[in-house]
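Engineer: need the 3D shape of this:
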Amino acid sequence: MPFPGNIRELRNVIERACVLATGPAILPAHLPSTELGAAAAPRIEGKAGPAGEEIVPLDQAERRYVRWAAQRFAGDRRALARRLGISERTLFRKLRET
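Structural biologist: You can find the predicted model right below:
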């Protein structure tokens, strides 16, 4: 499927989908409908998110994701930081905040 934007925009869409996904797979509901085209599954607007949770501030969603990634990543924290695209220091700070 062609993507209408540049690589940075695609990366942002994928990162957002990873944060919104509660399971091991990214589903169409985790992607913006504009990126999927008219044939995509319709998104229901409202209070609930993909997993039925209320919309939360982005920093809270990021903390959840970092905590989730740390629990599931088999390598050390240095490798996890590289995988997340952040510095080790930032990872340590984010884990301390959770």
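Engineer: domain parsing for this structure?
Structural biologist: Domain segmentation of the chain under automatic domain parsing yields 1-55, 56-98.
Engineer: can you redo those as a markdown table with mean pLDDT and mean neighbour count?
Structural biologist: Where you see a C-beta, it was placed from the backbone N, CA and C, and this is true even at glycine. Output for those, formatted as a markdown table (pLDDT from 0 to 100; neighbours: other Cβ atoms under 10 Å):
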| stretch | mean pLDDT | mean neighbour count |
| --- | --- | --- |
| domain 1-55 | 67 | 12 |
| domain 56-98 | 87 | 13 |
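Engineer: which residues sit against the host helix or strand of R93?
Structural biologist: R93 belongs to helix 88-97 when elements are defined using DSSP states H and E. Helix 88-97 is contacted from outside by 62-63, 66-67, 70, 77-78, 80-81, 84, 86, using Cβ atoms under 8 Å, 6 or more residues apart in numbering.
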